[in-house]
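In: Sequence and predicted model, in that order:
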Amino acid sequence: MYVIFFKFAANRAQASQWMAEHGRWIQEGIDSGVFLMAGSLDNAQGGAILAASVDRDSLMARVQRDPFVAHGVVSAELHGIAPSRIAPGLEELLSRTPASSAVT
C-alpha cells in the first residue's frame, strides 16, 4: 500500500488550468482499482492519494502522468506502507486486484 503526498510547487498558480485533466487522472486511478482514496491536505497545502494493488514502479509511472506533476503544479512524495494491523473490511479492499493490469 502507498500514500502519495502532493505538495504545491512553483507552478501552483496554474492549478486551475490543469484541474479538469487532474480530476480525470484521479478518476482513472479510482476506476482502475489502484487509487482507494484521494483528497486535499489541510490548509490548502496540496493533496494525498491512498493506493494499493500496484507495484512501486507502475505507481510512479502513473504519478508522473498526473497533469499537476507533469506541469510542476505539485511535487509528489511516494511512501510505502506495510500494514501490520487492518480494520475489518479494509483487508479485502487492500487485497483486491485492479480492474486492469495496464497502467493508464
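Out: Nice, thanks for sending it over. Since the structure is predicted, the reported quantities are computational estimates derived from the model, not experimental observations.
In: so after the strand or helix carrying E28, what's the next helix or strand?
Out: Using DSSP states H and E, E28 maps to helix 15-31. The helix or strand immediately downstream of helix 15-31 is strand 35-40, counting by DSSP H and E.
In: Work out the sheet partners of that next one and label each with its direction, please.
Out: strand 46-51 (antiparallel) (DSSP bridges).
In: right, and the helix or strand after the partner strand?
Out: Next element after strand 46-51 (DSSP H and E): helix 56-64.
In: Identify the residues contacting the most centrally placed residue in the chain.
Out: For the chain, the residue nearest the mean C-alpha position is I49 (3.8 Å; C-alpha atoms, centre = their mean). Each residue near I49 by C-beta atoms under 8 Å, 6 or more residues apart in numbering is listed here: 3-4, 6, 26, 29, 35, 37-38. C-beta coordinates here come from the backbone N, C-alpha and C atoms, glycine included.
In: from the residues you listed, which two are the most distant?
Out: Largest separation among the contacts of I49 by C-beta to C-beta: V3 and I26, giving 14.6 Å.
In: More neighbours: which of those two?
Out: I26 (17 against 14; other C-beta atoms under 10 Å).
In: what's the pLDDT at the more buried one?
Out: According to the prediction, I26 has pLDDT 98.
In: If I follow the layout properly, it ends up in contact with V34?
Out: No. Using C-beta atoms under 8 Å, I26 makes no contact with V34, being 10.6 Å away.
In: burial of H22, as a residue count?
Out: So H22, with other C-beta under 10 Å, has 22 neighbours.
In: just to revisit the earlier point, who does the residue nearest to the centre of the chain form a beta bridge with?
Out: Partner residues in beta bridges with I49, using DSSP bridges, are I4, A38.
In: separation between it and P88?
Out: Distance from I49 to P88, counting by C-beta to C-beta, to the nearest Å: 23 Å.
In: Repeat that for A61.
Out: Taken as C-beta to C-beta, the span from A61 to P88 is 33 Å.
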